[in-house]
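Peer 1: sequence first, predicted coordinates after that:
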Amino acid sequence: MDAVDDRGVWLRVLDGDADAFGVVWDRHRDRVFRRALSAGNSPTDAEDLTAMVFLELWRKRSSVRFVDGSLLPWLLVTTQNVHLNASRARRRHRRFLERLPHPEHAPDPAELVAEKDSSRARRVREVLSTAREQDRHLAVLTTLEGFTIREAAEAIGISESAAKMRLSRLRARLSQTPHDLSTTEGSTP
């Protein structure tokens, strides 16, 4: 099949032979890619441009020109044109972006979170970090997850009255001053 020149293969393309277009692709894609690469494009851009060249070949399939039975010269000229068009488009895009007004300074989201991180929230984290694991689970289940004290107590395997007592102790610790906090449960005065 390689003995047939591009013109013969192209006639098969025009007759609806899908495999014939693949033959042209296989014959010339590497040269088109190298031409796009040598024009200063990155390998990724050269791949995209190669695909665009073959798209143009398909779009203009009824008007392509052959030189000595080969499509390669037409493909290489089209590669140069596609490269120039893509370069112009990139320059226009850059100029457009440069004309856009610069955005106003936006506060750092981390700073916004830090501002919301009130002393009360820090206090809750401090108390919970020093509390027993079951007490932490109990507080999370009742406060954040919305379970009743009875449901939370059952989930962690304690009685409802024990859960009420533990939550009461956590609330008392939260109401203490930071200095008082250091002398409670598990620490020495």
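Peer 2: Nice, thanks for sending it over. Numbering: from 1, shown residues only.

Peer 1: low-confidence stretches in the chain?
Peer 2: Counting by pLDDT under 70, the ranges of the chain that qualify are 1-3, 111-118, 177-189.

Peer 1: try 90
Peer 2: 1-6, 16-18, 61-62, 67-69, 100-137, 139-140, 143-146, 170-189 (pLDDT under 90).

Peer 1: spatially central residue for it, please.
Peer 2: The residue lying closest to the centre of the chain (C-alpha atoms, centre = their mean) is Thr44, at 18.6 Å.

Peer 1: so who does that one touch?
Peer 2: Applying C-beta atoms under 8 Å, 6 or more residues apart in numbering to Thr44 gives no contacts. C-betas here are computed from N, CA, C, even on glycine.

Peer 1: in this protein, which spans are helices?
Peer 2: Remark: helices assigned in the chain by DSSP state H are 6-14, 18-38, 43-59, 72-99, 109-116, 119-130, 133-139, 149-156, 160-175, 178-181.

Peer 1: out of these, which gets nearest to Phe66?
Peer 2: helix 6-14 (5.0 Å; C-beta to C-beta).

Peer 1: can you give me the angle that closest one makes with helix 18-38?
Peer 2: 120 degrees (axes from the mean of the first three to the mean of the last three C-alpha atoms, to 10 degrees).

Peer 1: tilt between helix 6-14 and helix 72-99?
Peer 2: 70 degrees.
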